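Asker: sequence isn't available, so here's the structure alone:
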């Protein structure tokens, strides 16, 4: 079987695979991770606020998202949100939501649930004495979080946040259900066009492995440096 490999198909497709497919994957990963961390931080603060209504609402959201398959959430936002939006504003026709915008919103909201748990654990890892000392100095709750707790917590959380981002990078391949051209989608199109499924899917697997392995090494180095700093 390996004697019939045609690697020229891979070589000829590199500009398309990386210039369009990988750029799309990295863009979606970066935007969704950034939005997910911001939203996840808000959810974590709500869960730790001590206000019953806010705490339970944030907890319900996190548990709901973590209990659903990602591909199902993608379908929900892509097919149902246009109708829900039309119903909310009283429009007669569904709101037009592009596939990329739908995917970005879906991944941001879905990953926020996972990032929030990382942030919550990071905040709880900071000794309570520091918060008490800051409050004794007259700082408000917002100032304590912004100036004392969160800077230290994020330094401890960086390896875990990057690990979750690696998972997000892998999960972006699910956008194929929306006919978007991510890296795996680009490889699939070339494979079907040229009838070289083995070569293209094997190459795609190697690229995903190389990217994730390199990122994992970075995470390990950061974990080691964080441990030394402590």
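Answerer: Arrived safely, thanks for sending. Keep in mind that what you see is a predicted model, and the values were worked out from it rather than measured.

Asker: what's the helix or strand that contains residue 203 packed up against?
Answerer: Taking DSSP states H and E as the definition, one finds residue 203 inside helix 197-229. Packing partners of helix 197-229 (3 or more CB pairs under 8 Å, 6 or more residues apart in numbering; DSSP states H and E): helix 8-16, helix 150-171, helix 183-194. Placement of C-beta: from N, CA and C, glycine included.

Asker: out of the ones you listed, flag the one nearest residue 110.
Answerer: With CB to CB as the criterion, residue 110 lies closest to helix 150-171 of the helices and strands packed on helix 197-229, at 8.5 Å.

Asker: and that closest one, what's buried?
Answerer: Neighbour counts over helix 150-171 (16 or more other CB atoms under 10 Å) mark 150, 153, 156-157, 159-166, 168-169, 171 as buried.

Asker: show me what it is in contact with.
Answerer: Contacts to helix 150-171, defined as CB atoms under 8 Å, 6 or more residues apart in numbering, come from residues 25-26, 29, 32-33, 36-37, 41, 70, 107, 111, 114-115, 118-119, 121-123, 125-126, 130, 208, 211-212, 215-216, 218-220, 222-223, 226, 229.

Asker: follow-up on the earlier one: could I get the helices and strands packed on helix 197-229 as TSV with mean pLDDT and distance to residue 45?
Answerer: As requested, the helices and strands packed on helix 197-229 are exported to TSV (pLDDT from 0 to 100; distance: least, CB to CB, whole Å):
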stretch	mean pLDDT	distance to residue 45
helix 8-16	87	43
helix 150-171	89	9
helix 183-194	90	35
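
Asker: picking up where we left off before, gap between the helix holding residue 203 and the chain center?
Answerer: Computed by CA atoms, centre = their mean, to the nearest Å, the separation of helix 197-229 from the middle of its chain amounts to 16 Å.

Asker: low pLDDT regions in the chain?
Answerer: Residue ranges of the chain with pLDDT under 70: 1-4, 226-230.

Asker: how does it look with 90?
Answerer: 1-13, 48-53, 75-99, 101-102, 121-160, 176-179, 181, 191-199, 218-230 (pLDDT under 90).

Asker: quick revisit: CSV please, covering the helices and strands packed on helix 197-229 and showing distance to residue 50.
Answerer: Shown next, in CSV, are the helices and strands packed on helix 197-229 (distance: least, CB to CB, whole Å):
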stretch, distance to residue 50
helix 8-16, 53
helix 150-171, 17
helix 183-194, 44
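
Asker: and residue 62, which of those is closest to it?
Answerer: helix 150-171 (13.6 Å).

Asker: now do that closest one against helix 183-194, angle only.
Answerer: For helix 150-171 against helix 183-194, the angle by axes from the mean of the first three to the mean of the last three CA atoms, to 10 degrees is 10 degrees.

Asker: now helix 150-171: how far from the chain's centre is it?
Answerer: That offset, for helix 150-171, works out to 10 Å (CA atoms, centre = their mean).

Asker: kindly report the same for stretch 167-184.
Answerer: Per CA atoms, centre = their mean, the displacement of stretch 167-184 from the mean C-alpha position of its chain is 12 Å.

Asker: buried ones in that stretch?
Answerer: Applying 16+ other CB under 10 Å to stretch 167-184 flags 168-169, 171-175, 178, 180-184 as buried.

Asker: again with stretch 201-217
Answerer: Here stretch 201-217 shows 202-204, 207-208, 211 as buried, counting by 16+ other CB under 10 Å.

Asker: who touches it?
Answerer: 10, 22, 162-163, 165-166, 169-170, 183-184, 187-188, 191.

Asker: the same query, at a cut-off of 7 Å, please.
Answerer: By CB atoms under 7 Å, 6 or more residues apart in numbering, the residues outside stretch 201-217 that reach it are 10, 162, 166, 169-170, 183-184, 187, 191.
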